[in-house]
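S.K.: requesting a structural model of the entry that follows:
(chains A and B)
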Amino acid sequence: MLETPQRQPPVPPPSRQRKQSRLSGLVWAPLNWLEERSAIVSGTRYFLFRKVPSDSNWFHTLGSATLTAFLVQVGTGVILAFYYRPTPDGAYESIREITHDVTLGWLVRGMHKWGASVFIILLFLHMARVFLFGAYKYPRELNWIVGFTILVLGMLQGFTGYLLPWDQTAYWATVVGINLNGTGPIFGPFLAQFLRGGDEIGPNTITIFYAMHMLLLPLAIGGLIFVHLYLVVRLGVSSPPWSREAAGAAPTEVEPRGPGLVRPRARGRFAR
Amino acid sequence: MEPHNGDDKPHLPSPSIWPVGFAVGIACMLAGIVVSTPAVIVGAVIALVFGALWARDAMRPTQAPSQPDQVETAMAEPEPEEVNRFPRNQFLELTTLGIAGVITAVVALPVVGFAILPAFTNQKRQGVDLGPTDNFPENEWIEATFLLDPSVGEVSRRTAFVRYNGVFEDLPSYTLISNRCVHLGCPVQAAGPRREDERKTVDTEQAEIALTPVLPAAYSCPCHGGAYDTEGNRTAGPPVRAMDRFKFDIDNGRLILLDTFSVAKVEGEGAQAKLEAYGVQGPGEHVDGLEGWLYPLQPQDLR
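M.R.: Here you go, the predicted structure:
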């Protein structure tokens, strides 16, 4: 039996509801525009509103805390670079200016200095959580390796950043640090020579350390964080050891690839 | 419809590698026009040789489709083994990857070279003028600070402990100890009084030299407690050898510091001291014994 569509006069929504819908339309219009072209809204939803074990707890937030600490380091570091001069004659003086003369410079420098320690401490706490929860086990071994690499790069950030104030502590700690690298067998002397930028510590040393601290290492850490998060999203959050829920997704069968790197396996006429 | 002699099947020559060489030859020729005449000749020869090989390949009958009894086969569905030739898309894939790899290498290699090589090249050191030898009385220790490389300024200020040992076998003898600790490179201090009131500064052509008389009973390092006697032998702590020393020269009555060298052990004192000398090595590196084998090559050996 066919239902005949009944023409009913549209019920005018109450004025408050109408206002709300107009407001939400105002918010959603640009987002819809973006969504239609880039899928950014659904992408963000997919990234943020994932299913997590119901008994996940505060310890699971240590990773995000570490990420936040890293972002603070990036932000404050970029601002510090506005006023810092990586030269033997200018470095100490510019740090003195940042601390005493530049408005709120003491705050940003303090955030960067103490934030560095916070970042490393949180890295270790996050690592401890993953270790004690057994969250490094299959299928998350690769993510443990990526995270460990981030830890090593974070320590290198500490090593390269420590020189930049160019005071006595910084200078001699770096001398010792470089010479420690130099005692590595066979390649050690070459590594030390590279870090010094020559036979002796000099103007090149500070610019090399500055470039590594500013460009090379943060970019590498950023890229690895991206990989780290991709794997978290792909594999899901692990449940605590006392949980009755299974963690993450079921293992997927990986289809062995055909010959060639880019081309999918030959089909049809050319199938072997 | 009668196929006229199988002409609707394109006469593709079989794949040939020679055009690559031909192209290289042409490129070499073109580059030679700009850079050098011999390259033009070499390029022309390469292009000619590979061109001839290519032509020979191209003129060879391909799949022999012109023979009448094979026309039928050419029209029919390809046989499986015929299909298993090197497929075109695989060729294109490999070529693309290969060319991309070559381009990447051409761009990246100089960049990597620039990132690493400057630290290892152009590291020649000038001699450092410590001023007139009169400033170094016999058998007294003078702490001399100087600029290793005046062009970069104070960052290259280094310290040497200098003692004139008098004339030995008709030649002046100096003990010139570098104050860099051979544990990890901290600044070793003279353990004993410093006579600041007798401090002297000498202006040389390059920089200001500060000379301070010291009365060391020993030398000691503030960082990790390394201790040395006044000849530079390790007496306690983590250092792995005796302190490094400077070679020297005397030019117009002025003491010139030359390169440093490493010392495993010093026997005797002053002018009679016998040094077990080695090429300079970084702090913390053994020069002798079993551990010395850990450091077979130093960056300066490659120059």
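
S.K.: can you pull the residues of chain B lying near chain A?
M.R.: Contact residues, chain B versus chain A (C-beta under 8 Å from any C-beta of the partner chain): B:83-84, B:87, B:89-90, B:93, B:97, B:116, B:118-120, B:123, B:125, B:148-149, B:152-156, B:184-187, B:223, B:281-285, B:294-300. (C-beta placed from N, C-alpha, C; glycine too.)

S.K.: any of those residues buried? List them.
M.R.: Buried members of these, counted by 16 or more other C-beta atoms under 10 Å in any protein chain shown: B:87, B:93, B:119-120, B:148-149, B:152, B:155-156, B:184-186, B:223, B:281-285, B:295, B:298-299.

S.K.: in helices, which of the residues of chain B next to chain A appear?
M.R.: B:83, B:89, B:90, B:93, B:97, B:116 (DSSP state H).

S.K.: out of these, which one has the weakest pLDDT?
M.R.: Lowest pLDDT among those: residue B:83, with 59.

S.K.: now do the helix or strand where residue A:65 lies, average pLDDT.
M.R.: When elements are assigned from DSSP states H and E, residue A:65 belongs to helix A:62-83. Across helix A:62-83, the average pLDDT comes to 97.

S.K.: which residues of the stretch 1-150 of chain A score low on pLDDT?
M.R.: Along the stretch 1-150 of chain A, the parts satisfying pLDDT under 70 run over A:1-14.

S.K.: which residue does it bring closest to chain B?
M.R.: At 3.8 Å from chain B, residue A:88 is the closest residue in the stretch 1-150 of chain A, using C-beta to the nearest C-beta.

S.K.: if you skip the residues just before and after it, what's nearest to that residue?
M.R.: Nearest residue to residue A:88, sequence neighbours excluded (C-beta to C-beta, 6 or more residues apart in numbering or on different chains): residue B:155, at 3.8 Å.

S.K.: before we move on, the earlier item: my guess is the residue of the stretch 1-150 of chain A closest to chain B contacts residue A:203. True?
M.R.: Yes - with contact defined as C-beta atoms under 8 Å, residue A:88 reaches residue A:203; the gap is 5.3 Å.

S.K.: what is in contact with those two at once?
M.R.: Common neighbours of residue A:88 and residue A:203 (criterion: C-beta atoms under 8 Å, 6 or more residues apart in numbering or on different chains): B:152, B:155.

S.K.: now the helices for chain B?
M.R.: Assigned by DSSP H, chain B shows helices spanning B:18-34, B:37-59, B:71-75, B:80-83, B:88-116.

S.K.: any idea which of these scores lowest on pLDDT?
M.R.: Of all those, the minimum mean pLDDT falls on helix B:71-75 (a mean of 50).

S.K.: out of the residues of chain B next to chain A, list just those in strands.
M.R.: Of the residues of chain B next to chain A, none are assigned to strands by DSSP state E.

S.K.: dump the C-alpha coordinates for stretch A:138-151 into CSV.
M.R.: Output of stretch A:138-151 as CSV, limited to C-alpha atoms (Å, rounded to 0.1, in the frame of the first residue of the first chain):
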residue,chain,number,x,y,z
TYR,A,138,52.8,-7.5,19.7
PRO,A,139,51.7,-5.7,17.6
ARG,A,140,53.2,-2.5,19.1
GLU,A,141,56.9,-3.4,19.1
LEU,A,142,57.6,-1.0,16.2
ASN,A,143,56.0,1.8,18.2
TRP,A,144,58.4,1.0,21.1
ILE,A,145,61.3,1.3,18.7
VAL,A,146,60.0,4.6,17.3
GLY,A,147,59.4,6.0,20.8
PHE,A,148,62.9,4.9,21.9
THR,A,149,64.4,6.8,18.9
ILE,A,150,62.4,9.9,19.9
LEU,A,151,64.0,9.5,23.4
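
S.K.: just give me how far that stretch sits from the chain centre.
M.R.: How far stretch A:138-151 lies from its chain's middle: 13 Å, per C-alpha atoms, centre = their mean, to the nearest Å.

S.K.: what comes up buried for that stretch?
M.R.: A:139, A:140, A:143, A:144, A:146, A:147, A:150, A:151.

S.K.: what lies in contact with stretch B:40-52?
M.R.: Counting by C-beta under 8 Å, 6+ apart, B:18-22, B:24-33 sit against stretch B:40-52.

S.K.: among those residues, name the buried ones.
M.R.: Counted by 16+ other C-beta under 10 Å, these give B:18, B:21, B:22, B:25, B:26, B:28, B:29, B:32 as buried.

S.K.: what is the neighbour count of the closest residue to the third one other than its chain neighbours?
M.R.: If the residues on either side of it in the chain are set aside, residue B:22 comes closest to residue B:50, at 4.1 Å by C-beta to C-beta, 6+ apart. Summarising burial for residue B:50: neighbours were counted as other C-beta atoms under 10 Å in any protein chain shown, giving 21.

S.K.: residue A:135: which of the ones in helices among the residues of chain B next to chain A is nearest?
M.R.: Nearest to residue A:135 out of these is residue B:97 (C-beta to C-beta; 37.5 Å).

S.K.: the closest one and residue B:23: what is the separation?
M.R.: From residue B:97 over to residue B:23 the distance is 18 Å, taken as C-beta to C-beta, to the nearest Å.

S.K.: same thing with residue B:48?
M.R.: 13 Å.

S.K.: kindly report the same for residue A:24.
M.R.: From residue A:24 to residue B:23 the distance is 63 Å (C-beta to C-beta).

S.K.: sorry, back to before: tell me who's in contact with the residue nearest to residue A:88.
M.R.: A:88, A:201, A:202, A:203.
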